[in-house]
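> Quick one: sequence plus predicted model below, questions after.
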Amino acid sequence: MRLPLLVRQAAAESAKAATLQEEILGLFEQSRAGLLRYLNSMGVRDHDAEEVVQEVFLALFRHLRLGRDRHNLRGWVFRVAHNLGLKHRNLTRRIAYPADDSIFHRQIDPSPNPEQQVNARQRQGKLLAVFHALPEHDRCCLHLRAEGLRYREIAKALGISLGAVAQSLARSLEKLHQADGRL
Amino acid sequence: MRADLHPSDQELLLAADGELSRREAGRVQAHLSSCWHCRTRMHEIETAIAEFTHAYETADEPVPPIDGPRALLKAHLEEASNTSRDWSWLGFRSAIGALAILLIAFGVLIGLQLRARQRAHANYVALATPRISLTPGAIRIVTRDEVCSADGAESARVVPANLRQKVLEEYGMPQAKADLFEIDFLITPELGGSEDIRNLWPQPYEATLWNAHVKDALEDRLHEMVCSGEIDLATAQHDISTDWISAYKKYFHTDRPF
């Protein structure tokens, strides 16, 4: 009697794990690009960022496997990525700043004429320079907001208050606006 | 925010992001509809957001293809599933094993406790009279006159703490409470008994019918009888050391203690 019961339990466990894996892979597909961008902005780049993302989703697997809170998994994923990114950066002692400005010259709309392209490139480069010059705290807030996280989710991810998120975003946008006005 | 005051940039941003309460959002909206200045400011904020979003989305390095990382994650998840399954099976077996060990340990503990209780009960029953093998009785060489002088008898009544403890250990009750037992002389010093471990045993004060108080009465009675010449000292010593309960019944002419 006991063996069939154990076999049935094992089969149920396997089916549950397979469903969970599919769910996690789906969320991975949705969030990976945003997480990589966010980690890059923290100074965790390339292969390291990919590793951190893998770690995040394995942590999510364990989190869900233990039947813990499923509410707002996207916010959870960014929060864990933030923490793991900080940990990784502390370990590798890398500086959180883009390695070069080559990223400013990519994916510009090819349709405008050369002069417009140059202007657009300059404008984009300026805005991104301001963005990267923001204090890390402000940069993280703006980045997470750009990834679609709500204020409450950002606050939870960064461990700050809702008011601090609003202040940070307003401050950053003001700087971006000023930079845009000087172009 | 009062309706006639301009909202701050922060409030405008919160309104743009839908983070204000419905009431606050209504007030900001009402203000914006009547204030060109704030509407312009709101437009600037929205423009800054749009410019940044455009720059942000187009400027980042192209994300590497997802196929490889996805396959890697899938493999990691498979591994994690198998590991946790193994652990859960191991955990199940361990739990059964631990439960069995606990049950056995519990059984042993209960057994030991029962045995200890039985032993304690045996001690308790036996303590109304001493064990003859441990406490046969021991006397000093004294005369009747010496026994009947009050000084010598009283000085010998206090049992030293170390001797008291030895007696308790001998009877298998080293933790016995002092207020429950008297380390009593089988042959009382008033009748020539000596301060010897062979003449001492732990006698309950209250727990039995034939307790220390009853024996004290017998000791007094025998002392009186020896000193009054009704019985000789040797007889008194013999009777109390052989079976003090029978001696009580004999000298008080009763089957039950008074």
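The structure has been received and is ready for your questions. Numbering: from 1, shown residues only, chains lettered A, B, ... in the order given.

> Could you check how far B:A128 is from B:R164?
B:A128 sits 19 Å away from B:R164, taking CB to CB, to the nearest Å as the criterion. Glycine gets a C-beta too; all of them are placed from N, C-alpha and C.

> same check, this time on A:D48
A:D48 is 76 Å from B:R164, by CB to CB.

> now do B:A80
66 Å.

> Tell me which helix or strand the residue most central in space within chain A sits in.
Nearest residue to the geometric centre of chain A (CA atoms, centre = their mean): A:L35, 3.1 Å. Assignment of secondary structure by DSSP states H and E places A:L35 within helix A:2-42.

> near chain B at all, that helix?
Yes - residues of helix A:2-42 are located near chain B by CB under 8 Å from any CB of the partner chain, namely A:6, A:10, A:13-14, A:17, A:21, A:24-25, A:28-29, A:32-33, A:36-37, A:40.

> Please list only the buried members of the residues you listed.
A:17, A:21, A:24-25, A:28, A:32-33, A:36-37, A:40 (16 or more other CB atoms under 10 Å in any protein chain shown).

> Relative to B:A236, which of those is nearest.
A:A17 (88.9 Å; CB to CB).

> Would you mind listing the residues in contact with the nearest residue to the closest one once chain neighbours are set aside?
Distances taken as CB to CB, 6 or more residues apart in numbering or on different chains put B:S81 closest to A:A17, at 4.1 Å, once the chain neighbours are dropped. For B:S81, the contact set (CB atoms under 8 Å, 6 or more residues apart in numbering or on different chains) comprises A:14, A:17, A:21.

> And the second one, how far from B:H76?
Spelled out, it's A:A17. A:A17 sits 13 Å away from B:H76, going by CB to CB.

> doesn't B:P202 fall inside a strand?
Yes - counting by DSSP: H, G, I helix; E, B strand; the rest coil, B:P202 is part of a strand.

> between the least confident helix or strand in chain A by mean pLDDT and helix A:2-42, how big is the angle?
One helix or strand of chain A scores below all others by mean pLDDT, DSSP states H and E: helix A:114-133, with a mean of 78. Between helix A:114-133 and helix A:2-42, the angle comes out at 110 degrees (axes from the mean of the first three to the mean of the last three CA atoms, to 10 degrees).

> can you give me the offset of helix A:114-133 from its chain's centre?
Relative to its parent chain, helix A:114-133 has a centroid offset of 23 Å by CA atoms, centre = their mean, to the nearest Å.

> do stretch B:182-194 as well
Per CA atoms, centre = their mean, the centroid offset for stretch B:182-194 relative to its chain is 39 Å.

> Take it, keep the C-alpha atoms, and write them as PDB.
Extracted C-alpha coordinates of stretch B:182-194, given in PDB (Å, rounded to 0.1, in the frame of the first residue of the first chain):
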ATOM      1  CA  GLU B 182      14.400  11.900  59.300                       C
ATOM      2  CA  ILE B 183      17.700  10.100  59.300                       C
ATOM      3  CA  ASP B 184      16.700   8.100  62.300                       C
ATOM      4  CA  PHE B 185      18.700   6.000  64.700                       C
ATOM      5  CA  LEU B 186      17.300   2.500  64.800                       C
ATOM      6  CA  ILE B 187      18.500   2.100  68.400                       C
ATOM      7  CA  THR B 188      18.100   5.600  69.700                       C
ATOM      8  CA  PRO B 189      21.100   7.100  71.500                       C
ATOM      9  CA  GLU B 190      18.900   7.500  74.500                       C
ATOM     10  CA  LEU B 191      19.000   3.700  74.600                       C
ATOM     11  CA  GLY B 192      22.700   3.400  73.800                       C
ATOM     12  CA  GLY B 193      22.500   3.400  70.000                       C
ATOM     13  CA  SER B 194      25.700   4.600  68.300                       C
END
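
> Show me the contact partners of it.
Here stretch B:182-194 has contacts from B:130, B:135-140, B:142, B:146-147, B:152-153, B:156-157, B:159, B:163-164, B:167-168, B:195, B:199-205, B:212, B:215, B:219-220, B:222-223, B:226, B:233, B:236-237, B:240-241, B:244, using CB under 8 Å, 6+ apart.

> now do 6 Å
The contact list for stretch B:182-194 (CB atoms under 6 Å, 6 or more residues apart in numbering or on different chains) reads B:130, B:135, B:137-140, B:142, B:147, B:153, B:156, B:159, B:164, B:167, B:199-200, B:202-203, B:205, B:212, B:219, B:222-223, B:236-237, B:240-241.

> quick one, helices of chain B?
For chain B, the helices defined by DSSP state H occupy B:9-16, B:22-34, B:36-59, B:67-126, B:144-148, B:150-155, B:161-170, B:212-228, B:233-252.

> Tell me which of those helices sits most buried.
The highest mean neighbour count among the helices of chain B, using mean count of other CB atoms under 10 Å in any protein chain shown, belongs to helix B:9-16: a mean of 22.

> Quick one: list the elements packing against that helix.
Under the contact criterion of 3 or more CB pairs under 6 Å, 6 or more residues apart in numbering or on different chains; DSSP states H and E, helix B:9-16 touches helix A:162-182, helix B:36-59.

> 7 Å instead?
helix A:162-182, helix B:22-34, helix B:36-59 (3 or more CB pairs under 7 Å, 6 or more residues apart in numbering or on different chains; DSSP states H and E).

> Export those to a markdown table and append columns for distance to B:A16 and mean pLDDT.
Output for the helices and strands packed on helix B:9-16, formatted as a markdown table (distance: least, CB to CB, whole Å; pLDDT from 0 to 100):
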| stretch | distance to B:A16 | mean pLDDT |
| --- | --- | --- |
| helix A:162-182 | 10 | 85 |
| helix B:22-34 | 9 | 89 |
| helix B:36-59 | 6 | 85 |
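
> mind checking which of these is nearest B:Y251?
helix A:162-182 (94.6 Å).

> Could you check the angle the closest one makes with helix A:114-133?
Using the same axes, to 10 degrees: helix A:162-182 against helix A:114-133 is 150 degrees.

> and for helix A:162-182, what are the contacting residues?
Identification of contacts with helix A:162-182 by CB atoms under 7 Å, 6 or more residues apart in numbering or on different chains yields A:126-127, A:130, A:134, A:137-138, A:141-142, A:145, A:151-152, A:154-155, B:9-10, B:13-14, B:44-45, B:48-49, B:51-52.

> And B:R198, what's its pLDDT?
We have a pLDDT of 90 for B:R198.

> quick one, what contacts it?
Residues B:135-138 are the ones in contact with B:R198 under the rule CB under 7 Å, 6+ apart.

> which one of those is nearest B:Y251?
Nearest to B:Y251 among the contacts of B:R198, with distances taken as CB to CB, is B:G137, at 17.3 Å.
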